[in-house]
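Q: Structure, please.
(chains A and B)
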Amino acid sequence: MNRIKQLFEKKKNILSIYYTAGYPNIGDTIEIAEALQRSGADMLEIGFPYSDPVADGPVIQASSKQSLDQGMTLKILFEQLKDLRKNVNIPVLLMGYVNPVLQFGVENFCKACEEVGIDGCIVPDLPMVEYEEFHKECFEKHNISNIFLITPQTADERIHKIDGLSNGFIYLLSSSATTGKNLEVGNITETYFSRVAAMNLKNPTMIGFGISDKITFDKACQYANGAIIGTAFVKAIANGNLDESVSDFMKTFKN
Amino acid sequence: MKYKVNEKGYYGDFGGAYIPEMLYPNVEELRQNYLKIIDDVDFQKEFHQLMKDYVGRPSPLYLAKRLSARYGANIFLKREDLNHTGAHKINNTIGQILLAEKLGKKRIIAETGAGQHGVATATVCALRNLECVIYMGEVDIERQAPNVSRMKMLGAKVVPASSGSKTLKDATNEAMRDWINNPVDTHYIIGSVVGPHPYPDMVAIFQSIISEETKRQLIEQTGNDQPDYVLACVGGGSNAMGMFYHFMDDENVKLFAVEAAGRGVSSGFSAATTYLGKEGVLHGSRSILMQTEDGQVVEPHSVSAGLDYPGIGPQHAHLFKSGRGKYVSITDEESLDAGLLLTQLEGIIPAIESAHALAYLEKMEFKAGENVVVCLSGRGDKDLDTYIKYFNL
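A: Sure thing, here's the model as predicted:
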């Protein structure tokens, strides 16, 4: 069974961490994955960098640039990920933009994901219609979940359509925003979170964008199966000892 | 209408809307409404009134006699440089500002390279009393200083884009980010035939007034609405698309799109997209772009800030791939020389962008009596500094 499905069946309040592959140093990808699992992360999202990341805020964009400047490519990333499953058994997703995937070849990409043990992908600028028409079969053949995003502006009908196409979880953006904004749970977000919760979707949901600490994480967990932290973690590992910075960051989420 | 967009937003293999979900509602709102709004009689009336009384259209189709003598053909210049604000960009911003009003938007954002689109956007925002934020690369802010001052004087806020090459591509990224963060009240006036569907089609429709007028003017001046050649420069490609639009189905008319070779197509400092690029996705559409094997966008170079873009609009990619258009390139030096030549032969200082199209005349061979239309997309006031430095004036 797919690791993502297993995780959602056995656990609530799932903590998923995003980090950029090849950041802060090009060789850090696996070390961070292992350190995160040791420190109690439930799921990982490894970002493959892109030169023109329109949905990212400045922190993640800068981490992508640093990684690219150090020579990171999808080919190198898949080489690094050959060692992923030696010590990491939690679900791992890849997240990035569509152009590098198209250049790598969608079939090659899905195959490489399967070979190294990637469970799912998040490609925010891959249109749903394009996925459905051209790529769904390929993703499914290689047992890769494709995760879609929804925002407070996504209409109910579209959410149901996304739910029908999904087989992992649905990524609820806390607001319509680029990454790195603070979560503000006000009337609008609360109404939106409750609206989605009441839709009885077949897929579990994770809240992302704006989750930075235990308070915002706990808040998000009231409305969804868990939450995703990106910018705050990328900031936390910018300097110094990885083992220590990962475990210090993760400690703040323990009771 | 063989080369127009299909109902899914594609031109052959190119186009579409590759956007994150955060932009879906905005783009979908536009897609569902743009044709309805544009086709409305009142919209058309207001658009054409402003084109006439505010922009100064129709722009002349000028038979450049000394240029014609030099090249041995009848060289007509479509004088978009005489439009209010000095370039073709105003055609599109007038159209989009009226559309934004109909959609109830209160705030306008835009990206700009040379500053012409920024000035045109700031102008229409002043005209219609809407808040205006313009994203511009730090490098371009420096090399296009007079336009930055114009935008500020018109009441726009100019925000420097400091990522990547700090030019047009990065300004576009920043504007898209702004739109993602302000999805409800903001309209993004994209300045070229790029971006997710329906932008390439919408901008092409607004710019198509260039070829619509040209056909009429050619009949008056030559008795035939089909010239032998049409030439225009291409960055993203909006003036070229406007210039080609009503000629695309006239298969006898040869369409030439002139890209910026920069310091030479193989120099590593170029913006010659069709020569250097391959198919991929940039800024929301599938097109042709300059990129590494890994799909990272390569930073372009051109002396002309308006052509300094690593992609082309999807319709251009289709014209290129289908062979309907011929895509060629001109170096920085060739364009500057052509700019000086036009100035001295015809008393017209062209934008360096437009000078790229003019420079290609040098490489063509004409038969006597052939009619050639070159889109003079903008005037060169903003480029005086570059001309002055290059020619030691």
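
Q: Going along the chain, name the strands of the stretch 251-393 of chain B.
A: Secondary structure of the stretch 251-393 of chain B by DSSP state E, counting those that start in this stretch: the strands cover B:254-262, B:278-282, B:285-289, B:325-331, B:371-376.

Q: so who does residue B:244 touch?
A: Residues in contact with residue B:244 (CB atoms under 8 Å, 6 or more residues apart in numbering or on different chains) are B:211, B:230, B:232, B:255, B:257, B:319, B:325. Every C-beta, even on glycine, is put in place using the N, C-alpha and C of the backbone.

Q: Which residue would you name as the spatial centre of chain A?
A: residue A:45 (3.8 Å; CA atoms, centre = their mean).

Q: After the helix or strand bottoming out on mean pLDDT in chain A, which helix or strand is next? Please name it.
A: Within chain A, no helix or strand scores below helix A:187-197, which has a mean of 83 by mean pLDDT, DSSP states H and E. Where DSSP states H and E defines the elements, the next helix or strand beyond helix A:187-197 is strand A:205-208.

Q: any residues touching that following strand, and which ones?
A: A:14, A:16, A:18, A:169-174, A:193, A:196-197, A:220, A:223-228, A:230.

Q: Rounded mean pLDDT for that strand, please.
A: Strand A:205-208 carries an average pLDDT of 94.

Q: and whichever helix or strand comes after that strand, what's its mean pLDDT?
A: Downstream of strand A:205-208, the first helix or strand assigned by DSSP H and E is helix A:214-221. Taken as a whole, helix A:214-221 carries a mean pLDDT of 91.

Q: Could you list every helix and strand that helix A:214-221 packs against?
A: The elements that helix A:214-221 packs onto, with contact taken as 3 or more CB pairs under 8 Å, 6 or more residues apart in numbering or on different chains; DSSP states H and E, are strand A:226-229.

Q: Is chain B within reach of the following helix or strand past the strand it packs on?
A: Using DSSP H and E, the helix or strand that follows strand A:226-229 towards the C-terminus is helix A:231-236. No - Helix A:231-236 does not reach chain B (CB under 8 Å from any CB of the partner chain); its nearest approach is 14.0 Å.

Q: Can you tell me which helices and strands the helix or strand following helix A:231-236 packs against?
A: With elements assigned by DSSP H and E, the helix or strand that comes after helix A:231-236 is helix A:242-251. Applying 3+ CB pairs under 8 Å, 6+ apart, we find helix A:242-251 packed against helix A:29-38, helix A:231-236.

Q: what separates whichever residue of chain B sits closest to chain A from residue B:20, distance-wise?
A: Nearest to chain A in chain B, going by CB to the nearest CB, is residue B:295, at a distance of 3.5 Å. Remark: distance between residue B:295 and residue B:20 (CB to CB, to the nearest Å) = 17 Å.

Q: distance between stretch A:138-155 and the chain's centre?
A: 11 Å (CA atoms, centre = their mean, to the nearest Å).

Q: Check stretch A:241-255 too.
A: Centre to centre, stretch against its chain (CA atoms, centre = their mean), the figure for stretch A:241-255 is 19 Å.

Q: tell me the contacts of residue B:321?
A: By CB under 8 Å, 6+ apart, the contact list for residue B:321 reads B:12, B:13, B:14, B:288.

Q: how does it look with 7 Å?
A: Each residue near residue B:321 by CB atoms under 7 Å, 6 or more residues apart in numbering or on different chains is listed here: B:12, B:13.

Q: ok, it to residue A:150 distance?
A: The gap separating residue B:321 from residue A:150 is 35 Å, by CB to CB.

Q: Residues of the stretch 51-200 of chain A that sit close to chain B?
A: By CB under 7 Å from any CB of the partner chain, the part of the stretch 51-200 of chain A that sits against chain B consists of A:51-52, A:54-55, A:61, A:68, A:73-74, A:98-100, A:102-103, A:124-125, A:127, A:130, A:149-151, A:153-154, A:173, A:176-178.

Q: Okay, and which of those map to helices?
A: Under the assignment DSSP state H, those contribute A:61, A:68, A:74, A:98, A:99, A:100, A:102, A:103, A:130 to helices.

Q: Adding mean neighbour count, write the strands of the stretch 251-393 of chain B out as JSON lines.
A: Formatted as JSON lines, the strands of the stretch 251-393 of chain B follow (neighbours: other CB atoms under 10 Å in any protein chain shown):
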{"stretch": "strand B:254-262", "mean neighbour count": "26"}
{"stretch": "strand B:278-282", "mean neighbour count": "21"}
{"stretch": "strand B:285-289", "mean neighbour count": "28"}
{"stretch": "strand B:325-331", "mean neighbour count": "23"}
{"stretch": "strand B:371-376", "mean neighbour count": "27"}
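
Q: Out of the contacts of residue B:244, which is nearest to residue B:69?
A: The closest of these to residue B:69 turns out to be residue B:230 (CB to CB; 20.6 Å).

Q: Surely that closest one is in a strand?
A: Yes - per DSSP: H, G, I helix; E, B strand; the rest coil, residue B:230 lies within a strand segment.

Q: Local confidence estimate at it?
A: Residue B:230 is assigned 98 on the pLDDT scale.

Q: count of residues packed around it?
A: 28 (other CB atoms under 10 Å in any protein chain shown).

Q: So what sits opposite it in the bridge?
A: Bridge pairing for residue B:230 (DSSP bridges) gives the partners residue B:255, residue B:373.

Q: Test my guess that it contacts residue B:258.
A: No - using CB atoms under 7 Å, residue B:230 makes no contact with residue B:258, being 11.1 Å away.

Q: Just the CA trace of stretch B:165-174, in PDB.
A: Taking Å, rounded to 0.1, in the frame of the first residue of the first chain, the C-alpha atoms of stretch B:165-174 are listed here in PDB:
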ATOM      1  CA  SER B 165      18.700  38.800 -14.100                       C
ATOM      2  CA  LYS B 166      16.800  41.800 -12.600                       C
ATOM      3  CA  THR B 167      15.100  42.400 -16.000                       C
ATOM      4  CA  LEU B 168      11.700  41.700 -17.600                       C
ATOM      5  CA  LYS B 169      11.400  38.000 -16.800                       C
ATOM      6  CA  ASP B 170      11.900  38.800 -13.100                       C
ATOM      7  CA  ALA B 171       9.500  41.700 -13.200                       C
ATOM      8  CA  THR B 172       7.000  39.300 -14.600                       C
ATOM      9  CA  ASN B 173       7.500  36.800 -11.800                       C
ATOM     10  CA  GLU B 174       7.100  39.600  -9.200                       C
END
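
Q: I'd like the average pLDDT over that stretch.
A: Taken as a whole, stretch B:165-174 has a mean pLDDT of 86.

Q: Residue B:386 contacts residue B:352, doesn't it?
A: Yes - between residue B:386 and residue B:352 there is a contact at 6.3 Å, judged by CB under 7 Å.

Q: where in the chain is pLDDT low?
A: You didn't say which chain, so I picked chain A. A:1, A:180, A:184-188, A:255 (pLDDT under 70).

Q: Chain B, not that one
A: Scanning chain B with the threshold set as pLDDT under 70 gives B:1.

Q: which residue is nearest the middle of it?
A: residue B:238 (3.0 Å).

Q: Let me see the contact set for that residue.
A: Counting by CB under 7 Å, 6+ apart, residue B:238 makes contact with B:88, B:92, B:191, B:192, B:193, B:203, B:207.

Q: now swap in residue B:336 and tell me
A: Per CB under 7 Å, 6+ apart, neighbours of residue B:336: B:303, B:352, B:355, B:387, B:390.

Q: The third one: how many residues sit nearby?
A: Counted by other CB under 10 Å, the residues lying close to residue B:355 total 31.

Q: now it: how far from residue B:337?
A: 8 Å.

Q: Ok, the second one next?
A: For residue B:352, the distance to residue B:337 (CB to CB) stands at 11 Å.

Q: how about the CA coordinates for the helix or strand hosting residue B:148, as PDB?
A: In the assignment (DSSP H and E), residue B:148 maps to helix B:145-153. What follows is helix B:145-153, C-alpha atoms only, in PDB (Å, rounded to 0.1, in the frame of the first residue of the first chain):
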ATOM      1  CA  ALA B 145      15.400  56.100 -16.000                       C
ATOM      2  CA  PRO B 146      13.200  58.600 -17.900                       C
ATOM      3  CA  ASN B 147      10.400  56.100 -18.100                       C
ATOM      4  CA  VAL B 148      10.600  55.400 -14.400                       C
ATOM      5  CA  SER B 149      10.200  59.100 -13.700                       C
ATOM      6  CA  ARG B 150       7.200  59.200 -16.100                       C
ATOM      7  CA  MET B 151       5.500  56.300 -14.300                       C
ATOM      8  CA  LYS B 152       6.000  58.000 -10.900                       C
ATOM      9  CA  MET B 153       4.700  61.300 -12.200                       C
END
